[in-house]
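Novice: How does the following fold in three dimensions:
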Amino acid sequence: MKYTQAESRRRPGWAVRAAVAGAGAVALLGIAAPAAADVSVTPTEAAQGGAADLTFRITNDSPSASVTAIDLQLPADAPIAEVYPLSVDDWAPSMTNVKVDKPLPSLHGYQITEVTTAVKWIAMPDKALAPGRTTELYLSIGPLPAVDKLFFGLVLTNSDGTQVSRTAQAGGPVLALKPGGQAEHAGAHGGATADAADTADTNAAAGAPSGGPSYLMWSLAALLLIAVICVVSVILQQRRTPAPEKPAEDSVEDPEMVSTS
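Specialist: Predicted coordinates:
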């Protein structure tokens with residue numbers, strides 16, 4: 001089949017448009033895909049001046065890397081006198097403490113001169129948080145400062161050397177505080193409630209993912225979008241491509257029209 005020179009120049013256009021569309025879909029994937037972790041805290045509200053037993057729920061949404069360390073950063077502008085990480089299977093906690101200029105009153109009636117600014121949980125050998133798995137970490141804190149909200153930062157260290165960071169004001173867990181006097185300190189030195197522990201064991205055994213869409217789901221959706229765009233581009237191009245020009249037939253003189261000399 002023969003094509004004109006102009007048509008030959010036009011034919012690669014569909015491939016260019018399909019490539020541009022695919023690149024746009026890939027860019028959309030980079031923008032829309034969530035970070036490789038889902039983090040929440042419960043309860044979401046507590047009383048100023050009291051204590052709170054917090055549960056931090058972390059789901060690893062990475063498609064390939066496991067979480068080997070979880071670093072929880074407490075608000076530096078609202079120090080908390082007493083911070084106690086509670087026992088959790090598969091994780092070993094460590095605390096970072098700093099001295100404060102002005103002692104803080106404790107829940108037990110004495111003054112605190114050193115406060116905890118960060119708690120880091122390190123996964124035990126062969127116990128890293130695998131992709132799609134969820135863990136729950138428990139922290140007992142108090143007295144809660146007289147502020148409207150406590151913002152927590154979070155840094156997850158992955159097995160491939162990468163880190164996922166949730167800053168205190170953007171994406172990190174938030175605890176709202178309301179005025180309400182002294183609340184009962186239920187667990188400064190104890191464990192989390194039995195229900196919370198049972199929930200953590202169930203999630204760890206089942207490997208339940210977070211409620212939102214995972215990174216893998218976002219990736220598959222974007223790839224499907226790329227395929228659809230490419231197919232539509234090819235169909236439109238074929239509709240617009242003109243039919244090949246029929247080569248002109250060599251004219252043949254009718255023998256009867258040839259005059260003899």
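Novice: in the stretch 1-150 of the chain, which spans are strands?
Specialist: 38-42, 45-47, 52-59, 67-73, 82-85, 91-105, 111-123, 134-142, 149-151 (DSSP state E, counting those that start in this stretch).
Novice: Could you dump these into TSV and include distance to S165 and mean neighbour count?
Specialist: No exception for glycine: its C-beta is placed from N, CA and C like everyone else's. Below are those laid out as TSV (distance: least, Cβ to Cβ, whole Å; neighbours: other Cβ atoms under 10 Å):
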stretch	distance to S165	mean neighbour count
strand 38-42	11	18
strand 45-47	25	17
strand 52-59	13	22
strand 67-73	9	21
strand 82-85	20	20
strand 91-105	17	13
strand 111-123	13	17
strand 134-142	17	23
strand 149-151	14	18
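Novice: Figure out which of those strands is closest to P179.
Specialist: strand 45-47 (7.4 Å; Cβ to Cβ).
Novice: Quick check: can you name the pairing partners of that closest one and their directions?
Specialist: Its sheet considered, strand 45-47 pairs with strand 174-178 (parallel) by DSSP bridges.
Novice: now the angle from the strand it pairs with to strand 134-142?
Specialist: Calculated by axes from the mean of the first three to the mean of the last three Cα atoms, to 10 degrees, strand 174-178 forms an angle of 30 degrees with strand 134-142.
Novice: Would you mark the buried spots in strand 174-178?
Specialist: Buried residues in strand 174-178, defined by neighbour count with 16 or more other Cβ atoms under 10 Å: L175, L177.
Novice: residues in contact with that strand?
Specialist: For strand 174-178, the external contacting residues (Cβ atoms under 8 Å, 6 or more residues apart in numbering) are 41, 43-48, 52, 54, 144-152.
Novice: pLDDT of it, averaged?
Specialist: What strand 174-178 shows for mean pLDDT is 96.
Novice: How about stretch 117-132?
Specialist: For stretch 117-132, mean pLDDT is 97.
Novice: CA atoms only for that stretch, dumped as CSV, please.
Specialist: Taking Å, rounded to 0.1, in the frame of the first residue of the first chain, the C-alpha atoms of stretch 117-132 are listed here in CSV:
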residue,chain,number,x,y,z
THR,A,117,10.4,14.9,73.1
ALA,A,118,10.4,11.7,71.0
VAL,A,119,9.6,8.0,71.3
LYS,A,120,11.1,5.7,68.8
TRP,A,121,9.9,2.1,68.3
ILE,A,122,12.4,-0.2,66.6
ALA,A,123,11.1,-3.5,65.1
MET,A,124,12.6,-6.7,66.6
PRO,A,125,14.5,-9.0,64.3
ASP,A,126,12.3,-10.4,61.5
LYS,A,127,9.3,-8.4,62.9
ALA,A,128,9.4,-5.3,60.6
LEU,A,129,5.9,-4.1,59.5
ALA,A,130,5.4,-5.7,56.1
PRO,A,131,3.6,-3.9,53.2
GLY,A,132,-0.2,-3.9,53.8
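Novice: Show residues contacting it.
Specialist: So stretch 117-132 is in contact with 58-74, 76, 79, 83, 85, 88, 90-98, 135, 137, 139, 159, 207, 209, 214, going by Cβ under 8 Å, 6+ apart.
Novice: Also stretch 67-80?
Specialist: Against stretch 67-80 from outside (Cβ under 8 Å, 6+ apart): 37, 56, 58, 60, 83, 91, 100, 104, 115-123, 128-129, 135, 137, 139, 141-145, 147, 150-159, 168.
Novice: hang on, I235 is in a strand, isn't it?
Specialist: No: under DSSP: H, G, I helix; E, B strand; the rest coil, I235 sits outside any strand and is assigned helix.
Novice: and it, what does it touch?
Specialist: Neighbour list for I235: empty [criterion: Cβ under 8 Å, 6+ apart].
Novice: per-residue confidence at it?
Specialist: Here the pLDDT value assigned to I235 is 70.
Novice: Also the one 4 residues further on?
Specialist: With respect to pLDDT, R239 scores 63.
Novice: Same question for Q169.
Specialist: On pLDDT, Q169 comes in at 73.
Novice: can you pull the contacts of it?
Specialist: Contacts of Q169 by Cβ under 8 Å, 6+ apart are F151.
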